[in-house]
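Asks: Could you work out the structure for the sequence below:
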Amino acid sequence: MASTSRDIALEALFHPFATGLLPWPAEGVLFLRAREGAAVHAQRTSDLVGTQPFKPEAERLARIGIALIDEDALPAGGFPLVLVLPPRQREEARALLAKACAAVAEGGVVVMSVSNDEGAKSREADLRQLAGSVSVVSKHHCRVFWTTPGAAIDTALQAQWARGDVARRITSADVPGEGFHTRPGVFAWDRVDAASAMLAAALPNDLRGRVADFGAGWGYLALQVLARSPQLASLDLYEADARALALAKANLGEAPGPDRKIPMHFHWQDVASGVSERFDAIVCNPPFHALGRGDRPDIGRAFIDAAAQALNPGGRLWLVANRHLPYEQSLADGFASVAIVAQNGGFKIVQATKAAAAPAIPVRIAKATRNRR
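Replies: You can find the predicted model right below:
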């Protein structure tokens with residue numbers, strides 16, 4: 001769900017072009033982690049392509065005609081201008097910077113914007129370390145910095161940073177077998193988060209029929225469901241982060257299980273926008289942040305509403321949430337019964353059951369009789 005707050009980093013990114021500090025090229029602009037906003041609308045974008053793994057933002061970009069390309073397969077040296085809105089996670093941000101410098105054409109410019117409270121100084125230092133000379137301007141409590149990569153670029157460091165974001169395997173006592181595939185930047189990328197582990201411990205062994213994981217991440221909860229629920233008919237994973245969903249596919253594809261193969265479906269989808277399929281049970285550790293900082297309980301409430309709509313009559317939702325988040329009204333509105341089955345370490349586990357279907361009322365149809373004379 002979209003936030004109504006200003007996107008100051010996006011506004012600042014386009015400031016050098018609006019003021020004439022930098023020229024906008026006639027064609028060939030790449031926007032890494034692009035976001036839609038007024039600043040984008042104000043600039044000519046017909047020749048702009050972008051990358052964006054977050055489904056809600058990708059949909060907003062598609063609606064204004066910005067084509068999205070694969071961030072892990074960018075053409076080398078193909079763009080005279082590369083714009084970057086880096087993520088907060090350090091390895092992921094550095095890898096994106098390495099990709100930007102590889103994608104920019106000779107003599108082209110790489111421009112980044114970061115808000116001051118999101119690590120602007122660190123990202124500026126990264127660009128300076130990688131490419132040498134950097135120009136900087138401050139705007140909207142952000143830093144915008146740019147460079148023209150050339151002979152000064154540290155190619156060894158560029159290769160090192162690019163490798164820092166590749167998928168890798170991490171072993172964990174919480175995940176059976178060889179561990180799990182992950183990469184920096186996805187939620188809880190280097191661990192099993194405490195909330196999901198708590199929910200997994202509370203899950204029953206009798207989940208059956210069609211089961212879904214809303215906000216599946218790299219697949220931990222789905223793995224737990226698969227391991228302990230032999231009566232599954234199918235398992236669907238919904239995840240808005242394309243990078244995390246790709247990892248979930250790898251992790252579930254290697255999951256040990258029964259001889260009978262359970263159909264699994266992977267959806268790059270924003271659950272908050274609604275789900276058309278119907279399920280007998282849903283497990284969920286909903287996000288409560290979007291691309292920015294600050295609690296967004298509206299996202300969790302939207303997940304709960306979507307689960308209530310997607311469950312069959314009598315279906316169950318198993319949810320973990322921070323204890324302070326105000327989800328009670330949404331749960332009460334969508335479900336016939338709601339129970340907190342565990343509370344610990346700032347989290348709560350909720351089981352909510354949808355109302356059963358009302359019994360059919362038999363309709364007695366009188367037989368027509370022929371009038372006799």
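Asks: neighbours of residue 136, just the number please.
Replies: 12 (other C-beta atoms under 10 Å). Using the backbone N, CA and C atoms, a C-beta is placed for each residue, glycine as well.
Asks: For it, give the beta-bridge partners.
Replies: residue 145 (DSSP bridges).
Asks: what sits against it?
Replies: For residue 136, the contact set (C-beta atoms under 8 Å, 6 or more residues apart in numbering) comprises 124, 143, 144, 145.
Asks: The residues you listed: which two are farthest apart?
Replies: Longest distance between any two of those is 9.5 Å, between 124 and 144; criterion C-beta to C-beta.
Asks: Mutual contacts of the two, please.
Replies: In contact with both residue 124 and residue 144: 112, 136, using C-beta under 8 Å, 6+ apart.
Asks: quick one on the thing from earlier: need the contacts of residue 136 in a markdown table with distance to residue 272, can you?
Replies: Below are the contacts of residue 136 laid out as a markdown table (distance: C-beta to C-beta, whole Å):
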| residue | distance to residue 272 |
| --- | --- |
| 124 | 34 |
| 143 | 32 |
| 144 | 31 |
| 145 | 34 |
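Asks: before we move on, back to that, more crowded one of residue 124 and residue 144?
Replies: residue 144 (24 against 17).
Asks: Identify the residues contacting the more buried one.
Replies: Residue 144 neighbours (C-beta under 8 Å, 6+ apart): 12, 13, 15, 16, 111, 112, 113, 136, 137, 138.
Asks: which one among the contacts of residue 136 gets closest to residue 267?
Replies: Looking across those and measuring by C-beta to C-beta, the closest to residue 267 is residue 144, at 36.2 Å.
Asks: how close does the closest one get to residue 150?
Replies: Going from residue 144 to residue 150 by C-beta to C-beta, to the nearest Å gives 20 Å.
Asks: Repeat that for residue 143.
Replies: From residue 143 to residue 150 the distance is 22 Å (C-beta to C-beta).
Asks: which sections of the stretch 1-150 of the chain are below the confidence cut-off?
Replies: For the stretch 1-150 of the chain, the stretches with pLDDT under 70 are 1-4.
Asks: in it, which spans are strands?
Replies: 29-32, 48-51, 67-68, 79-84, 104-115, 135-139, 142-147 (DSSP state E, counting those that start in this stretch).
Asks: Same list (those) but as a markdown table, adding distance to residue 204.
Replies: A markdown table is the format used below for these (distance: least, C-beta to C-beta, whole Å):
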| stretch | distance to residue 204 |
| --- | --- |
| strand 29-32 | 43 |
| strand 48-51 | 40 |
| strand 67-68 | 40 |
| strand 79-84 | 46 |
| strand 104-115 | 44 |
| strand 135-139 | 53 |
| strand 142-147 | 48 |
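Asks: right, and the ones you listed - which one's nearest residue 219?
Replies: strand 48-51 (22.7 Å).
Asks: Name the strands paired with that closest one and say parallel or antiparallel.
Replies: strand 29-32 (parallel), strand 67-68 (parallel).
Asks: So which of those is the most surrounded?
Replies: strand 29-32 (a mean of 24; mean count of other C-beta atoms under 10 Å).
Asks: quick one: which of the contacts of residue 136 is nearest residue 321?
Replies: Nearest to residue 321 among these: residue 143, at 35.2 Å, using C-beta to C-beta.
Asks: Return stretch 195-208 as PDB; C-alpha atoms alone will do.
Replies: The C-alpha coordinates for stretch 195-208 follow below in PDB (Å, rounded to 0.1, in the frame of the first residue of the first chain):
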ATOM      1  CA  ALA A 195       9.000 -13.900  15.100                       C
ATOM      2  CA  SER A 196       8.900 -16.500  12.300                       C
ATOM      3  CA  ALA A 197      10.600 -19.000  14.600                       C
ATOM      4  CA  MET A 198       8.000 -18.400  17.300                       C
ATOM      5  CA  LEU A 199       5.100 -18.900  14.800                       C
ATOM      6  CA  ALA A 200       6.700 -22.100  13.400                       C
ATOM      7  CA  ALA A 201       6.900 -23.500  17.000                       C
ATOM      8  CA  ALA A 202       3.200 -22.800  17.500                       C
ATOM      9  CA  LEU A 203       1.900 -24.300  14.200                       C
ATOM     10  CA  PRO A 204      -0.200 -27.400  14.500                       C
ATOM     11  CA  ASN A 205       0.600 -30.600  12.600                       C
ATOM     12  CA  ASP A 206      -2.900 -30.900  11.100                       C
ATOM     13  CA  LEU A 207      -2.800 -28.200   8.500                       C
ATOM     14  CA  ARG A 208      -4.400 -29.700   5.400                       C
END
